[in-house]
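Trainee: Sequence plus predicted model, see below.
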Amino acid sequence: MEYYRHASFGRSLRHLIASPFIYGLILPMVIFDFGVEVYHRICFPLYGIPLVKRGQYIRIDRYKMSYLPLFDKVNCAYCGYANGLTRYSAEIAAQSEKYWCGIKNKPKEGFKEPWHHASFIPYGDKQAFSNFISKTDQK
């Protein structure tokens, strides 16, 4: 972990300057989390999509290490929540996309296709799309 912060005045000053931008996202994240969770808990049962298990994505436990200073404990809790929320909401979005669309994007050099697109139908394949719609209409 070479990039782990080192105590120096210049580095501490950079951290201090960056702090409002990092921690300023807490409120938007909580609001986003609430909205995603409402959508997830109401719509997934209506669509027949299994609920995504929050605990498989959001894990806040590193702050419990007794040897960490308080500031690092706060940072660890924040990162566990922020990164976990991002992964959790991405999984909910992936399951929603799979349900509603299931069509790959048009191939483009440099585009990183999401893992969940592996089972999607090819872009521009009208017959595959018709088959997809027929199957979903039967659900």
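Mentor: Alright, I've got the coordinates.

Trainee: List the buried residues of the biggest helix by length in the chain.
Mentor: Longest helix of the chain, by residue count under DSSP state H: helix 70-100. Buried residues in helix 70-100, counted by 16 or more other Cβ atoms under 10 Å: 75-76, 78, 80-81, 84-85, 88-89, 91-92, 95-96. Any C-beta I mention is one placed from the backbone N, CA and C, and that applies to glycine too.

Trainee: Just send the residues you listed back as TSV, with distance to Pro69 and pLDDT too.
Mentor: Formatted as TSV, these follow (distance: Cβ to Cβ, whole Å; pLDDT from 0 to 100):
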residue	distance to Pro69	pLDDT
Asn75	10	90
Cys76	11	92
Tyr78	14	95
Gly80	17	96
Tyr81	19	97
Gly84	22	97
Leu85	24	98
Tyr88	28	98
Ser89	30	98
Glu91	33	97
Ile92	34	98
Gln95	39	95
Ser96	40	96
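
Trainee: out of those residues, who's nearest Leu13?
Mentor: Asn75 (16.9 Å; Cβ to Cβ).

Trainee: Report the residue ranges of every domain in this protein.
Mentor: 9-100, 101-139 (automatic domain parsing).

Trainee: Need the winner for burial among those.
Mentor: By mean neighbour count, with neighbours taken as mean count of other Cβ atoms under 10 Å, domain 9-100 ranks first of the domains of the chain at a mean of 13.

Trainee: and Lys73, how far is that from Pro20?
Mentor: Going from Lys73 to Pro20 by Cβ to Cβ, to the nearest Å gives 20 Å.

Trainee: ugh, wrong one, I meant Gly35
Mentor: 24 Å.

Trainee: same deal with Lys108?
Mentor: 36 Å.

Trainee: hey, where'd the helices end up in this protein?
Mentor: Under DSSP H, the chain gives helices at 9-23, 26-47, 70-100, 126-137.

Trainee: Export those helices to a markdown table and append columns for distance to Pro114.
Mentor: Formatted as a markdown table, the helices of the chain follow (distance: least, Cβ to Cβ, whole Å):
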| stretch | distance to Pro114 |
| --- | --- |
| helix 9-23 | 26 |
| helix 26-47 | 17 |
| helix 70-100 | 7 |
| helix 126-137 | 18 |
